[in-house]
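Peer 1: pasting the structure only:
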């Protein structure tokens, strides 16, 4: 199932009163959550809507990463100096990333590296 189809179903679940969620809805959310690495916490009825929003957000992030055409992407929150060069999401280009790696910058800072 494509992300947009999953998101459509999640939107329907979010708009359904918590007391009316079916076991099928809950199973769908659990499977969608596993697909994007989001685990369910809590057992209250409202927790299902919170969980649906977490899965929705994770799907958005996954979709953005798939559409990202850059060869090099830093891990979230990386903001370091390498020599006198500030390295963060705002300053990084593919060209700069190649330069940094050629000069000993640690690959661990990248979530996507070439």
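Peer 2: Nice, I can see it. Just so you know, these numbers come straight off a predicted model, no measurement behind them. Numbers count the residues shown, from 1 in each chain.

Peer 1: touching the helix or strand of the chain with the lowest mean pLDDT from outside, list them.
Peer 2: Lowest on mean pLDDT, DSSP states H and E among the helices and strands of the chain sits helix 45-67, with a mean of 85. If you take C-beta atoms under 8 Å, 6 or more residues apart in numbering as the criterion, helix 45-67 is touched by 3, 6-7, 10-11, 13-14, 18-19, 21, 25-26, 29, 32-33, 36-38, 40-42, 73, 112. All C-beta spots, glycine's among them, are computed from the backbone N, C-alpha and C.

Peer 1: show the buried residues in those residues.
Peer 2: Among the contacts of helix 45-67, those classed as buried by 16 or more other C-beta atoms under 10 Å are 3, 6-7, 10, 13, 21, 25, 29, 32-33, 36, 38, 40, 73.

Peer 1: can you redo those as TSV with pLDDT, secondary structure and distance to residue 53?
Peer 2: Output for the buried ones among the contacts of helix 45-67, formatted as TSV (pLDDT from 0 to 100; DSSP: H, G, I helix; E, B strand; the rest coil; distance: C-beta to C-beta, whole Å):
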residue	pLDDT	secondary structure	distance to residue 53
3	83	helix	15
6	92	helix	13
7	90	helix	11
10	92	helix	8
13	92	helix	10
21	93	coil	14
25	95	helix	14
29	94	helix	10
32	94	helix	12
33	94	helix	11
36	90	helix	13
38	92	coil	10
40	90	coil	12
73	91	strand	25
